[in-house]
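In: Could you look at this predicted model? Sequence included:
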Amino acid sequence: MFKKLSKSQSQKHKTSAQSVNDKMLVGTSPMPVAKNRRRGQQQPSAVKTVNNGANSKHRSRNHTLAHSMPAVHIKTHDMLNPNERRFLEAAERGDRPTLIACLTQKNVPLNINAVDAMGRTAMEIAVDNENVEIVEMLLQQDGIKIGNALLCAIREGVYQLAEMLINHPSITKDMLSDGWSKSLDPLETDISEYSSDISPIILASHLNRFEILQMLLRKDATIEKPHKHNCNCETCDLSRLDDSLHYSLKRINTYRALASPAWMSLTSSDPILCAFKLSWDLQKLSVREDEFKDIYLQLSEQCKQFACDLLSQCRSTEEVIAVLNKEDNVHDENIDVWASKLSLSRLKRAIKYDQKMFVSHPHCQQLLTSIWYEGFPVRQQRGSNWNFAICAVLILLWPLLSICYIVMPKSKVGRIVRSPFMKFLYYSISFGCFLVLLTMVTFEGYREETGEVKGGGQNRASDRGPPPTLIEWLVLVWVLVCCGRK
């Protein structure tokens, strides 16, 4: 009986010792171990004792925890005191009286910038819920940090909340642009929804928040264009050596903001030309940065589509002409209509920058068609037989119309002759006549001349050949006229 009791007691002692070891293992945080190893310090003796007394399963688990990434020192929801937890819950519900009660309790400590289990402060919770009254009350508290709440307001697109946060004294002009990442605490950057290179003006451009972006521009916020891909300046070299992926993603986020329709519309005096140039640059970057080729091509297509969307806003031919020719002044009566239409400098620039979508746009094609067939308004209403008959008549009247154009170039007939279709038709006729003359010259027989040869009376052709014929003179005149015209 005594032996059985002693055995049972010994088993209880073993079980209790094992439970103590388990509790110590579970309660041991990997963070101090990682810190001590980094600093070259020895582990505490209690930890060594626990590790030596645990079984192999517990040792493997402790080994995994010790070699894991060090945890971030964030005050989680479980570490909050009851007053802070109550404060965050009241911000979630929008309970203003409870928030006031938590803020007025002086005997209980309260961190107004405490975060919940999702890493959100009371300010961010109120902004997510679009609770203007709670945000206004929190902004009046001392020590309040705006942090990522401004990005949340921009993401939600609430202009009033964004304006309240931007006008807070803690927000400076530099923080709205490149200085945003420097203003954030490292802990806020780690738990933030966005990366550190996403500033308020970049996020507003990404989401095309026109009103918020306009407000940021009034605050002198800017977006600096990234350096060239092969830039070897000190800043680019350090960024590439520090973190090449972060460097590339920062460039992509900046170009995504620059390719935003909202940004180009509000910052450029010529958005279409800006879209052309940026699209061309993005196409070249897609070749140089092959890893992110699809992203750059997508941004390039976005710029092309933006230019086409602007052209789609035209409601008349006059507006289309104004878009396609930036030097055109359609209200000036002294400027020739054909001279203004046929310049089309914007269309030429679109061809230069490979803007196929813009050139093939229906508005652009309709204008080109009307310019091409100017003077023939019934061309589309008539059939093909009628068009062939008209062309035959014009071919027969070619000499007469040419003389009229030389004598009276500004007359109605002269304007018709100056149209692109007539130029193409008459140039084709002229070139066809030139081919006919060449064919006649080729098949024309050469005359032979008799002459005496030394040593005998044999006949042979003249060494210089026959004199030029009328057809050859016509070919020579045609070539000289073409050279003089060019």
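Out: Cool, got the structure.
In: neighbours of L266, just the number please.
Out: 15 (other Cβ atoms under 10 Å). For glycine as for every other residue, the C-beta is placed from the backbone atoms N, C-alpha and C.
In: Check which helices and strands the host helix or strand of it sits against.
Out: Using DSSP states H and E, L266 sits in helix 261-267. Here helix 261-267 touches helix 200-206, helix 210-218, helix 271-288, helix 293-312, going by 3 or more Cβ pairs under 8 Å, 6 or more residues apart in numbering; DSSP states H and E.
In: Pull out the buried positions in the longest one.
Out: The neighbour-count check on helix 293-312 (16 or more other Cβ atoms under 10 Å) flags 295-297, 299-300, 302-304, 306-308, 310-311 as buried.
In: was I right about N113 contacting G119?
Out: No. Checked against Cβ atoms under 8 Å, the pair N113 and G119 is beyond contact range at 11.7 Å.
In: Check the offset of stretch 193-208 from the chain's centre.
Out: A distance of 13 Å separates the C-alpha centroid of stretch 193-208 from that of its chain, computed with Cα atoms, centre = their mean, to the nearest Å.
In: go on, stretch 86-93?
Out: For stretch 86-93 - counting by Cα atoms, centre = their mean - the centre lies 39 Å from the chain centre.
In: for stretch 121-136, same thing?
Out: Using Cα atoms, centre = their mean, the mean C-alpha position of stretch 121-136 is found 31 Å from that of the whole chain.
In: out of everything not next to it in sequence, what's closest to S195?
Out: The shortest distance from S195 to any non-neighbouring residue, by Cβ to Cβ, 6 or more residues apart in numbering, is to L249 (7.0 Å).
In: can I assume that neighbour is in contact with S196?
Out: No. If you go by Cβ under 8 Å, L249 and S196 don't touch, sitting 10.5 Å apart.
In: Run through who's touching the helix holding L266.
Out: Applying Cβ atoms under 8 Å, 6 or more residues apart in numbering, the external contacts of helix 261-267 come out as 204-205, 208-210, 213-214, 217, 223, 257-258, 271, 274-275, 278, 302-303, 306, 309.
In: same check, this time on stretch 360-370
Out: Against stretch 360-370 from outside (Cβ under 8 Å, 6+ apart): 308, 311-312, 314, 317, 320-321, 324, 341, 347, 358.
In: With stretch 152-170 instead?
Out: Residues from elsewhere that reach stretch 152-170, judged by Cβ under 8 Å, 6+ apart: 124, 127-128, 130, 132, 135-136, 139, 144-146, 149-150, 171, 176, 193, 200, 203-204, 207, 209, 211-212, 215-216, 219.
In: let's go with 6 Å and repeat that
Out: Stretch 152-170 has contacts (Cβ atoms under 6 Å, 6 or more residues apart in numbering) with 124, 127-128, 130, 135, 139, 146, 150, 200, 203-204, 209, 211-212.
In: Throw these into JSON lines and include neighbour count, pLDDT and distance to D242, thanks.
Out: JSON lines is the format used below for those (neighbours: other Cβ atoms under 10 Å; pLDDT from 0 to 100; distance: Cβ to Cβ, whole Å):
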{"residue": "E124", "neighbour count": "25", "pLDDT": "91", "distance to D242": "29"}
{"residue": "V127", "neighbour count": "30", "pLDDT": "93", "distance to D242": "32"}
{"residue": "D128", "neighbour count": "17", "pLDDT": "91", "distance to D242": "33"}
{"residue": "E130", "neighbour count": "16", "pLDDT": "91", "distance to D242": "38"}
{"residue": "V135", "neighbour count": "24", "pLDDT": "92", "distance to D242": "36"}
{"residue": "L139", "neighbour count": "18", "pLDDT": "91", "distance to D242": "36"}
{"residue": "I146", "neighbour count": "23", "pLDDT": "87", "distance to D242": "27"}
{"residue": "L150", "neighbour count": "26", "pLDDT": "91", "distance to D242": "26"}
{"residue": "P200", "neighbour count": "26", "pLDDT": "91", "distance to D242": "24"}
{"residue": "L203", "neighbour count": "23", "pLDDT": "93", "distance to D242": "23"}
{"residue": "A204", "neighbour count": "29", "pLDDT": "94", "distance to D242": "27"}
{"residue": "R209", "neighbour count": "25", "pLDDT": "94", "distance to D242": "31"}
{"residue": "E211", "neighbour count": "13", "pLDDT": "94", "distance to D242": "36"}
{"residue": "I212", "neighbour count": "26", "pLDDT": "94", "distance to D242": "31"}
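In: Now distance to L401 too, for those, in TSV please.
Out: Below are those laid out as TSV (distance: Cβ to Cβ, whole Å):
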residue	distance to L401
E124	77
V127	74
D128	74
E130	72
V135	76
L139	79
I146	75
L150	70
P200	65
L203	63
A204	60
R209	59
E211	59
I212	61
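In: most centrally placed residue in this protein?
Out: Geometric centre of the chain, nearest residue: A259, 3.1 Å, by Cα atoms, centre = their mean.
In: Out of the buried residues of helix 293-312, which is nearest to E289?
Out: Nearest to E289 among the buried residues of helix 293-312, counting by Cβ to Cβ, is Y296 at 6.7 Å.
In: Just the pLDDT for the closest one.
Out: Each residue has a pLDDT score; the one for Y296 is 95.
In: For it, which residues are in contact?
Out: 282, 285-286 are the contacts of Y296 under Cβ under 6 Å, 6+ apart.
In: Then A126?
Out: Taking Cβ under 6 Å, 6+ apart as the criterion, A126 is in contact with 91, 134-135.
In: Leaving out sequence neighbours, find the closest residue to it.
Out: Nearest one to A126, counting by Cβ to Cβ, 6+ apart, is I134 at 4.0 Å.
In: what about the one you found, neighbour count?
Out: 23.
In: gap between it and T121?
Out: The gap separating I134 from T121 is 12 Å, by Cβ to Cβ, to the nearest Å.
In: and if you look at L151?
Out: L151 sits 12 Å away from T121, going by Cβ to Cβ.
In: again, but for L266
Out: On the measure of Cβ to Cβ, L266 and T121 end up 31 Å apart.
In: Could you do K277 as well?
Out: Distance from K277 to T121, by Cβ to Cβ: 42 Å.
In: next one: I351
Out: According to Cβ to Cβ, I351 and T121 sit 53 Å apart.
In: So between those two, which is more surrounded?
Out: T121 (25 against 12).
In: Next, the contact list for the more buried one, please.
Out: Shown in contact with T121 (Cβ under 6 Å, 6+ apart): 113, 115.
In: any idea of the pLDDT on it?
Out: pLDDT, T121: 88.
In: That one bridge partners, please.
Out: V115 (DSSP bridges).
In: And the helices in the stretch 301-450 of the chain?
Out: For the stretch 301-450 of the chain, the helices defined by DSSP state H, counting those that start in this stretch cover 317-324, 337-343, 345-352, 356-359, 362-372, 384-396, 398-407, 412-417, 420-442.
In: How about residues contacting the strand or helix carrying C102?
Out: In the assignment (DSSP H and E), C102 maps to helix 96-104. Helix 96-104 is touched from outside by 83, 86-87, 90, with contacts defined as Cβ under 6 Å, 6+ apart.
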